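**Q** Coordinates for the following, if possible.
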Amino acid sequence: MGLRGESRGLMVDLAKRYQITLNGNSRFGRYDVMFEPYKKEDSGIMPEFKVYNLKKEKNLKETVKAEFKQIEDKKYAVILAKKGFGLDKIRRYGFAFEGRQVLTG
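**A** Numbering: from 1, shown residues only. Below is the predicted model:
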């Protein structure tokens with residue numbers, strides 16, 4: 001999934017506060033994006049992006065649930081936890097897409 005103009009602008013703006021890693025490796029899989037804050041008092045962010053798959057999920061809500069399960073099963077947050085961020089300071093988000101329709105959770 002390529003970044004469009006608005007997405008690139010958001011990433012550039014966030015780059016002032018976060019080290020941004022795309023498609024990085026965790027011990028158990030590849031996460032989509034990781035936002036590691038430069039300041040320890042800020043929260044880390046682990047968003048996951050997925051296109052709705054009619055064969056696997058009934059609706060976008062199930063797609064978001066699947067994303068959270070993937071984040072937990074593949075232990076993506078452990079990367080930031082090992083860098084000194086408490087698990088309570090790591091925000092996890094799921095973005096499910098179906099055409100122009102988007103659901104976040």
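**Q** Spatially, what comes nearest to residue 71 if we skip its sequence neighbours?
**A** Once flanking residues are discounted, residue 71 sits nearest to residue 92: 5.1 Å by Cβ to Cβ, 6 or more residues apart in numbering. Every residue, glycine included, has its C-beta placed from N, CA and C.
**Q** how about the helix or strand containing the one you found: buried residues?
**A** Using DSSP states H and E, residue 92 maps to strand 90-98. By neighbour count on 16 or more other Cβ atoms under 10 Å, the buried set for strand 90-98 is 90, 92, 93, 94, 95, 96.
**Q** which among those residues gets closest to residue 23?
**A** Residue 23 lies nearest to residue 95 out of those, by Cβ to Cβ, at 15.1 Å.
**Q** Residue 50 is in contact with that closest one, correct?
**A** Yes. With contact defined as Cβ atoms under 8 Å, residue 95 counts as touching residue 50 (7.3 Å).
**Q** Identify the contacts common to the two.
**A** Common contacts of residue 95 and residue 50 (Cβ atoms under 8 Å, 6 or more residues apart in numbering): residue 67.
**Q** Distance of residue 70 relative to residue 48?
**A** Relative to residue 48, residue 70 is positioned 6 Å away (Cβ to Cβ, to the nearest Å).
**Q** Those two: which has the busier surroundings?
**A** With other Cβ atoms under 10 Å as the criterion, residue 70 and residue 48 differ in neighbour count, and residue 48 comes out ahead with 21 against 17.
**Q** Pull the host helix or strand of that one out as PDB, backbone CA atoms only.
**A** Following DSSP H and E, one finds residue 48 within strand 44-51. Presented in PDB, the C-alpha positions along strand 44-51 are these (Å, rounded to 0.1, in the frame of the first residue of the first chain):
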ATOM      1  CA  GLY A  44       5.000   4.600  21.200                       C
ATOM      2  CA  ILE A  45       2.500   3.800  18.400                       C
ATOM      3  CA  MET A  46       2.100   0.400  16.600                       C
ATOM      4  CA  PRO A  47      -0.600   0.800  13.900                       C
ATOM      5  CA  GLU A  48      -1.500  -2.200  11.700                       C
ATOM      6  CA  PHE A  49      -3.200  -1.800   8.300                       C
ATOM      7  CA  LYS A  50      -5.300  -4.500   6.600                       C
ATOM      8  CA  VAL A  51      -7.600  -4.700   3.600                       C
END
